[in-house]
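>>> show me how the following folds:
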Amino acid sequence: MVAFPFTPLAQDWGMVEAYLRSLGGAGLGFAVMLVVYGVSRGGLGAGDVKLAAFLGGILGFPTIIAGLLIGFMAGGLVGLPLLLLRLKGRRDTIPYGPSLVAGAAVALLAGPGIFDWYTALFR
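This is a model prediction of the structure:
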C-alpha cells in the first residue's frame, strides 16, 4: 500500500485520496475473499484471502472490483476444463492464486477502463 500513490492508477489523485483508495481496495479485497473463504469451507486457502488484500492495496478502489472479477473468470476458465476432462476431481486442489494475480495484472494494465466498461453495462 505504500507504493500505490506512485502507480499509474493513482496519478490523478492527491496523496491522501490515493492512500484512502488503497486502504479501501485492500479492505474490499480482504472482505470479499474472506466471505468466499467462509462459504467454501476449506475450498479456498487463507493465503488467497491475504493475496486479495495485498492486490487490493496495489489496485486501490474501485479497480480491485475489476481485478477480482477477472480473477474469478480466469479461475473458472482454468478449473472448468480440468473438471470436464476429469483431470481433477471436485475434492482436488486447484491453485487459485495465479488466477487472482492474472486478474490484477489485467486490471492494472487496462486501468479504470475495464471498470468503466463493466459499470456501463448496468446503466
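>>> where in this protein is pLDDT low?
1-5, 8-9, 111-112 (pLDDT under 70).
>>> tell me where it has helices.
Using DSSP state H, the helices of the chain run over 15-40, 46-59, 63-84, 97-110, 112-120.
>>> out of these, which comes closest to residue 90?
Ranking the helices of the chain by proximity to residue 90 (CB to CB) places helix 63-84 first, at 7.0 Å. All C-beta atoms are positioned from the backbone trio N, CA, C, and that covers glycine.
>>> for residue 116, see how far away residue 7 is.
18 Å (CB to CB, to the nearest Å).
>>> looking at those two, which is more packed in?
Between residue 7 and residue 116, counted using other CB atoms under 10 Å, the more crowded position is residue 7 (15 against 11).
>>> quick check: the more buried one touching residue 63?
No: taking contacts as CB atoms under 8 Å, residue 7 lies outside contact range of residue 63: 9.8 Å.
>>> could you find the closest non-adjacent residue to residue 106?
Counting by CB to CB, 6 or more residues apart in numbering, the nearest residue to residue 106 once its immediate chain neighbours are dropped is residue 70, at 5.0 Å.
>>> quickly list what's touching both of residue 7 and residue 63.
Overlap of the contact sets of residue 7 and residue 63 (by CB atoms under 8 Å, 6 or more residues apart in numbering) consists of residue 108.
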